[in-house]
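J.: with the sequence up front, the predicted model follows.
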Amino acid sequence: HFVILIWGFTGVIGKHLDLSGMESMPIVICRMLIGWGSLLIFMLLIRKSIFIDKKGLFSTLGTGVVIAGHWWAFFKSIELSNVSIALIFMSTTAFFTSFVEPIITKKKFDYKELLMGIIVVIGIAIIINDLYFNVNKEYIWAIILALLSAFLAAVFSIINSVLVKKYDSKVISLYELFGGFAAITLATILSGKYQFADFNISVYQFVLLFILGSVCTSFAFLMGVYIMKFIPAYTVNLSVNMEPIYAIVLALLFFGSKEVMSLNFYLGSSIVVGTILMNAYFKRGKSNQKKSL
């Protein structure tokens, strides 16, 4: 939960960077570069081998592309709306995990999760209805991007839960961060939208990016991959559902009234988060029954 609290600051820092005039693509590029660089320096200092076999190399680099897409969609969602909206829809990561994990790991599908999913969709529908008709129609794009970010988070966390059984978590993180950095840098160049001047950052922006890249990325990402040695991907993503709660409280502290939403928004949010946490409770009970047998 300490790592999740650190992740909670990601949205707050992202919004500060957005308000300072920095767009989502440059934020992700700088975040992944600083994260990769700080992790590489750390591994060299502890004399940790960064060798990985060919299969692992392609797997980690490819997963890095997914992570870059996840972070871009997340920061773009914040750019188009606010931290509360982006984070509450990011809480659907565990919902997506329950459907994606059986496909990737061949795990048996739990049909009870389908019912939970329907309830989650009802909660999402309440939020969308409120934002579209009562707040800002442009928030719909922010919601779509946040859901895309949640889906991609589910995909890469499941892949990492498999990779960490064969490779060192630090090595996995190193190559994933580099793969993501290379992919989003190439995408930025090919888009032709950005000029070199867009990467002229102020001292204030650099400090925020350094914290984002080293603490909220390198350290937190490394710990996130490491704990998957001991905790299943679904449980990790379930715990991550506390992130919206932490982040929304932090956002209210930092941004005040800009983050205050309507009663219907919090009603829908409660349904989404409450359903996912309830599912966690049922899964824990089922797991304890198996252990007793």
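T.: The structure has been received and is ready for your questions.
J.: mean confidence for stretch 123-142?
T.: Per-region confidence: stretch 123-142 scores 74 on mean pLDDT.
J.: next, the buried residues of it.
T.: Residues 123, 124, 126, 127, 128, 130, 131, 139, 142 are the ones in stretch 123-142 that count as buried (16 or more other C-beta atoms under 10 Å). For the C-beta atoms, the positions are set from N, CA and C on the backbone; glycine is no exception.
J.: now the first one: phi and psi?
T.: Backbone torsions of residue 123, given as degrees, to the nearest 10, read phi -60, psi -40.
J.: look at the residue lying closest to it once chain neighbours are set aside and tell me its secondary structure.
T.: Nearest residue to residue 123 in three dimensions, chain neighbours excluded: residue 271, at 3.1 Å (C-beta to C-beta, 6 or more residues apart in numbering). With DSSP: H, G, I helix; E, B strand; the rest coil as the basis, residue 271 sits in helix.
J.: then residue 89?
T.: helix.
J.: so it makes contact with residue 141?
T.: No - with contact defined as C-beta atoms under 8 Å, residue 89 does not count as touching residue 141 (11.8 Å).
J.: where do the strands sit along the stretch 51-200 of the chain?
T.: Shown for the stretch 51-200 of the chain, no strands are assigned by DSSP state E, counting those that start in this stretch.
J.: low-confidence regions, it specifically.
T.: 131-135, 197-198 (pLDDT under 70).
J.: which stretches of the stretch 1-150 of the chain form helices?
T.: Secondary structure of the stretch 1-150 of the chain by DSSP state H, counting those that start in this stretch: the helices cover 2-19, 24-45, 54-80, 83-90, 93-105, 112-130, 139-163.
J.: now for the third one, which elements pack on it?
T.: Under the contact definition 3 or more C-beta pairs under 8 Å, 6 or more residues apart in numbering; DSSP states H and E, helix 54-80 sits against helix 2-19, helix 24-45, helix 83-90, helix 139-163, helix 169-191.
J.: list the contacts of residue 128.
T.: 140, 143 (C-beta atoms under 8 Å, 6 or more residues apart in numbering).
J.: check which residues of stretch 173-189 are buried.
T.: Neighbour-count burial for stretch 173-189, counted by 16+ other C-beta under 10 Å, picks out 173-185, 187-188.
J.: oops, could you answer that again for stretch 207-223 instead?
T.: For stretch 207-223, by 16+ other C-beta under 10 Å, it's 208-209, 211-222.
J.: endpoints of it, how far apart?
T.: 22 Å (C-alpha to C-alpha, to the nearest Å).
J.: any idea how far it is from the middle of the chain?
T.: Distance, stretch centre to chain centre, for stretch 207-223: 13 Å (C-alpha atoms, centre = their mean, to the nearest Å).
J.: contacts for it next, please.
T.: Residues from elsewhere that reach stretch 207-223 (C-beta under 8 Å, 6+ apart): 3, 6-7, 9-10, 13-14, 16-17, 20, 27, 30-39, 42, 169-170, 173, 176-177, 201.
J.: any idea how far residue 110 lies from residue 22?
T.: 42 Å (C-beta to C-beta, to the nearest Å).
J.: these two: who's more crowded?
T.: Each of residue 110 and residue 22 has its neighbours counted (other C-beta atoms under 10 Å); residue 22 has more, 22 against 18.
J.: who's in contact with the more buried one?
T.: Remark: with contacts taken as C-beta under 8 Å, 6+ apart, residue 22 is in contact with 201, 205.
J.: ok, now how distant is residue 33 from residue 139?
T.: 30 Å.
J.: what's the answer for residue 95, then?
T.: Distance from residue 95 to residue 139, by C-beta to C-beta: 20 Å.
J.: what sits against the closest residue to residue 20 other than its chain neighbours?
T.: Once flanking residues are discounted, residue 20 sits nearest to residue 205: 5.6 Å by C-beta to C-beta, 6+ apart. Shown in contact with residue 205 (C-beta under 8 Å, 6+ apart): 17, 20, 22.
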